[in-house]
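K.L.:
Quick one, structure for this:
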Amino acid sequence: MGFLRELRIGSTEFGDDIVRKIVAGSPCLDLLELDNCWGFRCLDLFGGKVSKLVVNGYKEVKKFLDLELEIKAPCVKVLELKGCIRMNIKLKNLRNCVSVKFDFHSKNPKDEECDNFYEQQGDMLMAMFGGFSHVKDVTLGTWCIEVMAFWDSPWVLFTMISCECFTLHTPIQKRYLPGIIHLLKHLLKLPMLIIHMALPYFEFEACLIPVVNDVYSVEGKLQLSMLPRGCGHQLEKIRVCGFEGTQSGLEVLFLRDLLLISANIEMMVIEWRSGLQNSICDASVGFVAKTLSNVCKRSKKAVVLFKV
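P.N.:
Sure, this is the predicted structure:
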C-alpha cells in the first residue's frame, strides 16, 4: 500500500494494532475514513502523514459502550467526528489541526441521570476543545450545541481565540436556541458565521412560538428579540445554508434578530435548501425579503443577498 492516498473502511471490526500497521505501511496515506466500524479504542496515527481523519459513527456493540475512544493524530489537519459515537472521546496531540467538525450524536440522558448528565458531557467537550486555541475552522452539530447550553463557564469557548469561521449545523428550534445563544455570546471575535439549517439526527421538532430574551429600542422603536444583548456583535459575515423560509417558524425571526443586534455585519447570504419546490420558494422569498428589509438594522452597511 505504498502509493495509497485515500482509505475508507466501513462496517468492520478491528483492533488498535490494525490502524498502526495501516499508517506505518502507507507513507502516502492522506485521508483515513472509518464508517460505522467498531472494536478499536485508540486511533494512533503517529509516524504517518494522514492529514484528514473522519470517524463517521461507531457501531453500537454492547461490550464497547461506555468505554473511551482515544485519538492521537499529530499530523492531522482536518478532524471530523460524525454520526452516533456513544463513547467518551479523548483527543491528544492534535497540534497541526486547523479544522474540526464535531457533528456527532453521543449519549442521551436517562431519567435518573438528568441532574449531572449534561455536566459530565460538558466536561468531555471541554477537554476535547482544550487544545484547539490554534484552530481556524470549527463546526458543531446539534448534540454539542444542546450540551453547551448547560455550561456555566465560557472558558472553553475562549480557547478558540483563532477561530475565523464558525459553523452551526442545526435547525433553528427551541431545543437548540439556548446553546446557540450561549455560543454567540462568548465567541467575541468571530468574523464569519455559517448556519446550516439541517434537520438533526432525530425526529423534527415543530416549534412556532419564539422565546423572547430581550427588548431593543432601535431608532425610538421597541422590538422584541429572540437573541439577548451581546450576541454576535463582532460578526461581519453570515452565510445561511439549507434555508426553508416560512417552513420553519423560527428561522426568519432568528435572522431578523441577527441583523437587529449585529453592529458590524457587512453581508448576510441566504441560500435556499436544494430541492425546495419553486412555488414555496417564490412565495417565501417575498415574505422573507420584506421581513428582513424592514428590520432596523444595527449596522447601516448590512447587505442581505438571496441565492435560489
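
K.L.:
the helices in the protein, which residues?
P.N.:
Taking DSSP state H, the helices of the chain run over residues 16-24, 114-129, 142-148, 155-158, 177-186, 251-261, 278-293.

K.L.:
Could you list the low-pLDDT ranges of the stretch 1-150 of the chain?
P.N.:
Low-confidence segments of the stretch 1-150 of the chain, defined by pLDDT under 70: 1-2, 61-66, 109-115.

K.L.:
Repeat the analysis, applying 50 as the threshold.
P.N.:
Residue ranges of the stretch 1-150 of the chain with pLDDT under 50: 112.

K.L.:
Same check on the stretch 201-308 of the chain?
P.N.:
The stretch 201-308 of the chain contains residues with pLDDT under 50 at 201-209.

K.L.:
Now with 80, please.
P.N.:
In the predicted model, the stretch 201-308 of the chain carries pLDDT under 80 at residues 201-234, 244-250, 261, 273-300, 308.

K.L.:
quick one: the strands in it?
P.N.:
Using DSSP state E, counting those that start in this stretch, the strands of the stretch 201-308 of the chain run over residues 214-218, 221-225, 237-243, 267-272, 303-307.

K.L.:
How far off centre is the third one?
P.N.:
Here strand 237-243 shows a centroid-to-chain-centroid distance of 13 Å under the convention CA atoms, centre = their mean, to the nearest Å.

K.L.:
residues contacting the residue nearest to Pro191 when sequence neighbours are not counted?
P.N.:
Ranked by CB to CB, 6 or more residues apart in numbering and with sequence neighbours excluded, the top spatial neighbour of Pro191 is Glu236, at 4.6 Å. Using the backbone N, CA and C atoms, a C-beta is placed for each residue, glycine as well. The contact partners of Glu236, by CB atoms under 8 Å, 6 or more residues apart in numbering, come to 191-192, 264-267.

K.L.:
Who wins on neighbours among these?
P.N.:
Among the contacts of Glu236, the one with the most neighbours (other CB atoms under 10 Å) is Ile265, at 24 neighbours.

K.L.:
quick one, phi psi at it?
P.N.:
Main-chain torsions, Ile265, degrees, to the nearest 10: phi -70, psi 140.

K.L.:
so what's it up against?
P.N.:
Neighbours of Ile265 in contact, by CB under 8 Å, 6+ apart: 235-238, 258-259, 297-299, 302.

K.L.:
And for Ser51?
P.N.:
Counting by CB under 8 Å, 6+ apart, Ser51 has contacts 30-31, 75-78.

K.L.:
Just name the closest of those to Leu91, please.
P.N.:
Nearest to Leu91 out of the contacts of Ser51 is Val76 (CB to CB; 9.9 Å).

K.L.:
distance of the closest one from Lys185?
P.N.:
For Val76, the distance to Lys185 (CB to CB, to the nearest Å) stands at 30 Å.

K.L.:
And for Met124?
P.N.:
As judged by CB to CB, Met124 and Lys185 stand 22 Å apart.

K.L.:
what's the burial count for the residue lying closest to Asp16 once chain neighbours are set aside?
P.N.:
Take Asp16 and drop its neighbours on the chain: the residue closest to it by CB to CB, 6+ apart is Cys42, 4.7 Å away. Per other CB under 10 Å, the neighbour tally for Cys42 reads 16.

K.L.:
just Phe306 next, same as before
P.N.:
Phe306 has 18 neighbouring residues, counting by other CB under 10 Å.

K.L.:
Likewise for Phe129?
P.N.:
For Phe129, the neighbour count with other CB under 10 Å is 21.

K.L.:
Next, work out how far apart it and Met192 are.
P.N.:
Distance, Phe129 to Met192, by CB to CB: 19 Å.

K.L.:
And Leu183, by the same measure?
P.N.:
Distance of Leu183 to Met192, computed by CB to CB: 14 Å.
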